[in-house]
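Chemist: predicted coordinates and the sequence they were generated for:
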Amino acid sequence: MNRKFDRRFWWRHALLPLLLLAVGVAVFEFTDLDLHFSDPFYDAIQRIWPAKHSWWAETLIHRRGRDLVLVTGLGALLGWVASFFSLRLQPRRRAFLFFALSIGLCTGAVALGKELTNRHCPWDYQRYGGEVPYTRLFEDSPQACTDQGNCFPAGHAAGGFAMMNGYFLFYGYRRRAALTALLAGLGLGSLFAYGQLARGAHFVSHNLWSAAICWYIGLSLYVWVFRGRLESGVADDSS
């Protein structure tokens with residue numbers, strides 16, 4: 001067994017997150033927790049989501065947050081291209097490519113999932129002023145519902161959660177920086193998730209799945225594509 005990917009590595013990075021995901025999925029599927037989280041953001045008297053078009057939720061968190069993810073992904077991609085022309089950036093070539101691929105694949109996979117799963121946004125449901133009868137995530141959509149759902153997993157939060165894969169950039173040589181990157185990505189993804197929760201665009205469970213998808217894409221890239229060799233040349237350069 002590769003010492004870099006021993007049993008402890010797989011337990012911490014693959015099995016433990018999978019266990020936490022399974023528990024989270026079960027909790028949301030067998031309770032009304034999604035509704036309890038969303039209800040406070042809906043005004044049942046006026047039948048509106050007050051934050052749906054608010055400056056802080058729609059403009060700042062949603063639109064500007066989307067721009068931040070796009071700029072970060074493009075910056076990583078440009079860094080990778082520039083590394084072919086700069087000796088100073090050359091040691092970071094693999095890291096740039098990893099981060100660009102991570103952001104692109106995470107957001108792309110979640111976008112594809114939204115097209116395939118046929119699950120609706122909270123604001124589509126009758127409980128929140130829409131026309132679709134509410135069903136849990138793994139329940140069949142009502143036969144009377146002809147409109148295609150396009151809200152699962154959570155696309156916007158995926159852009160933030162993709163950032164937590166910066167963890168793998170530092171994992172091999174700076175564990176404290178790796179943990180900081182992980183927490184920062186989780187924080188940003190959670191902020192994006194909160195904005196969309198407040199707007200009625202997603203349930204909490206949608207964001208849970210997005211976080212898991214992003215994590216396992218980053219883990220797969222790190223282990224199978226880059227073979228854990230993201231720090232090549234960077235550790236020496238930073239010492």
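Modeler: Happy to help now that I have it. Residues are numbered from 1 along each chain as shown.
Chemist: contact partners for R136?
Modeler: F28, E29, D34 (Cβ atoms under 8 Å, 6 or more residues apart in numbering). Placement of C-beta: from N, CA and C, glycine included.
Chemist: hmm, T135 and the second one touching each other?
Modeler: Right, the one you point to is E29. No: with contacts counted by Cβ atoms under 8 Å, E29 stays clear of T135, the gap being 11.0 Å.
Chemist: low-confidence ranges, this protein, go.
Modeler: Scanning the chain for pLDDT under 70 picks out the ranges 1-3, 142-146, 231-239.
Chemist: ok so, going back, return the closest of the contacts of R136 with respect to Y171.
Modeler: Proximity of the contacts of R136 to Y171, judged by Cβ to Cβ, is greatest for F28, which lies at 29.6 Å.
Chemist: helices of this protein, residue ranges please.
Modeler: Counting by DSSP state H, the chain has helices at residues 7-10, 16-30, 33-38, 65-82, 93-117, 155-162, 166-170, 175-199, 204-220, 234-238.
Chemist: mind checking how far the residue nearest in space to the middle of the chain is from F9?
Modeler: The chain has A158 as the residue nearest its centroid, 2.6 Å off, counting by Cα atoms, centre = their mean. Distance, A158 to F9, by Cβ to Cβ, to the nearest Å: 24 Å.
Chemist: for D34, same thing?
Modeler: Counting by Cβ to Cβ - D34 and F9 are separated by 33 Å.
Chemist: what of R66?
Modeler: Distance of R66 to F9, computed by Cβ to Cβ: 33 Å.
Chemist: again with Y42
Modeler: 43 Å.
Chemist: repeat that for L68.
Modeler: Distance from L68 to F9, by Cβ to Cβ: 31 Å.
Chemist: do A26 as well
Modeler: From A26 to F9 the distance is 26 Å (Cβ to Cβ).
Chemist: what of V204?
Modeler: 29 Å.
Chemist: what does V25 give?
Modeler: 24 Å.
Chemist: just to revisit the earlier point, shouldn't the residue nearest to the centre of the chain be in contact with S210?
Modeler: Yes: at 4.4 Å, A158 and S210 qualify as touching, with contact defined as Cβ under 8 Å.
Chemist: list residues touching both of the two?
Modeler: What both A158 and S210 touch, as defined by Cβ under 8 Å, 6+ apart, is the set V110, G189.
Chemist: show the contacting residues for the residue nearest to W80 when sequence neighbours are not counted.
Modeler: In space, W80 comes closest to F96 once its chain neighbours are excluded; the distance is 3.8 Å by Cβ to Cβ, 6 or more residues apart in numbering. By Cβ under 8 Å, 6+ apart, the residues touching F96 are A76, L77, G79, W80, S83, L89.
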